[in-house]
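K.L.:
One predicted model, sequence on top.
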Amino acid sequence: MPRTADDSWDIATSVGATAVMVALARARETASDDPLIRDQFAEPLVSTPELEGVRAQVAAWWAGDPDDDVDFAIGAQQMINYQAVRTHFFDAYFAAATDAGIRQVVILAAGLDSRAYRLTWPDDTVVYEIDLPKVLEYKAQTLARHGAEPTTDRRAVAVDLRHDWPRALREVGFDPARPTAWLAEGLLPFLPADAQEAMFDSVDRLSGPGSRVAVEIFGADEQKRKEAEEKWAALRAKREARGSDISDTSFNPFDLWFDHGDRSEPADRFAARGWATKSVSARDEAARLGREPLSDARPFLNSFLTATKP
């Protein structure tokens, strides 16, 4: 279903299902012969019975078919490569932040992010994970069943980013006077424009001197998004016609993005508030890491922004 102002979801539906798709890519990368990243928790997180439908849909998308106009097997590998590059970049961002003495971390829309479990954190680090209650509960309960424990002080903040999440964050011990490392990964298109702007204002206001922020910037403009949606719809129609679609478990990823609206560029917004910003294209980062993308690989239109508050 298309998004609404106060919609909600669990891990198997709507925006939650996109977190599953991303974790499936991390699991596939981790199991590869020469993985760029290792997320040993991705596989158990996506292997539960309640995610059977999402796994089936993603598998159908990634499998490809001789009758398809698009080689989805190649497309799947580009998706896996992109998620590996993205994960590697933000893992390194957190390592640099803690090396600089930051001990307060906030992951906005944490989804199935497992960094609080798999990264090595200094002893006094606190990692705050913000997401909807059902998503956070699913992750914590699933990992607990596998005997996994956080490697640091992980604090779940069960709140919608469209609501008063700063108050919820402070209520579980967050200190706005301390330097913080923030992450907005895989998030921006799933927020309305006004919520995005309010979120960045709050990040600035809640950040002590020396804080850092990292943001995944989605590079496809409205026209490219429309073209991709039309191609996806045509492919879906062909598969339905030959009986190979799985509509009963399907979610349409293009329904989940809000319109661009009056969004500012995050780099401009932080720079205007005195933050020192730096941006790297996903394509350049992939090339640096030996994962040169295909020329038309859509995820690599994205870029990664980092900014530091003086």
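P.N.:
Perfect, I can see it now.

K.L.:
In terms of secondary structure, what does the helix or strand hosting residue 25 contact?
P.N.:
If you go by DSSP states H and E, residue 25 is part of helix 14-30. Helix 14-30 is packed against helix 42-46, helix 52-63, helix 72-99, helix 133-145, with contacts defined by 3 or more CB pairs under 8 Å, 6 or more residues apart in numbering; DSSP states H and E. All C-beta spots, glycine's among them, are computed from the backbone N, C-alpha and C.

K.L.:
the strands in this protein, which residues?
P.N.:
With DSSP state E as the criterion, the chain has strands at 104-108, 126-131, 153-158, 181-184, 212-217, 276-281, 303-308.

K.L.:
Might one say that residue 93 is in contact with residue 213?
P.N.:
No. If you go by CB atoms under 8 Å, residue 93 and residue 213 don't touch, sitting 9.5 Å apart.

K.L.:
Please enumerate the shared neighbours of those two.
P.N.:
Common contacts of residue 93 and residue 213, defined by CB atoms under 8 Å, 6 or more residues apart in numbering, comprise 181, 183, 306.

K.L.:
So for stretch 203-223, what gets flagged as buried?
P.N.:
By neighbour count on 16 or more other CB atoms under 10 Å, the buried set for stretch 203-223 is 203-204, 206-207, 210-218, 220.

K.L.:
And the helices and strands packed on helix 14-30: which comes nearest residue 226?
P.N.:
helix 72-99 (18.2 Å; CB to CB).

K.L.:
The closest one: which residues count as buried?
P.N.:
72, 75-91, 93-94, 97-98.

K.L.:
thinking again about what came up before, I'd like to know the average pLDDT value across the helix holding residue 25.
P.N.:
Helix 14-30 carries an average pLDDT of 96.

K.L.:
which outside residues touch it?
P.N.:
Contacts for helix 14-30 (CB under 8 Å, 6+ apart): 1, 3, 7, 9-12, 35-40, 42-43, 45-46, 51, 54-55, 57-58, 79-84, 87, 111-112, 132, 134-135, 186, 190, 251, 253, 256.

K.L.:
One more pass at 7 Å, please.
P.N.:
With contact meaning CB atoms under 7 Å, 6 or more residues apart in numbering, helix 14-30 is reached by 7, 9-11, 35-40, 42-43, 45-46, 51, 54-55, 58, 79-80, 83-84, 87, 111-112, 135, 186, 190, 251, 253, 256.

K.L.:
re the thing from before, please produce CSV containing the strands of the chain, extended by mean pLDDT.
P.N.:
Formatted as CSV, the strands of the chain follow (pLDDT from 0 to 100):
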stretch, mean pLDDT
strand 104-108, 98
strand 126-131, 98
strand 153-158, 98
strand 181-184, 99
strand 212-217, 98
strand 276-281, 98
strand 303-308, 98
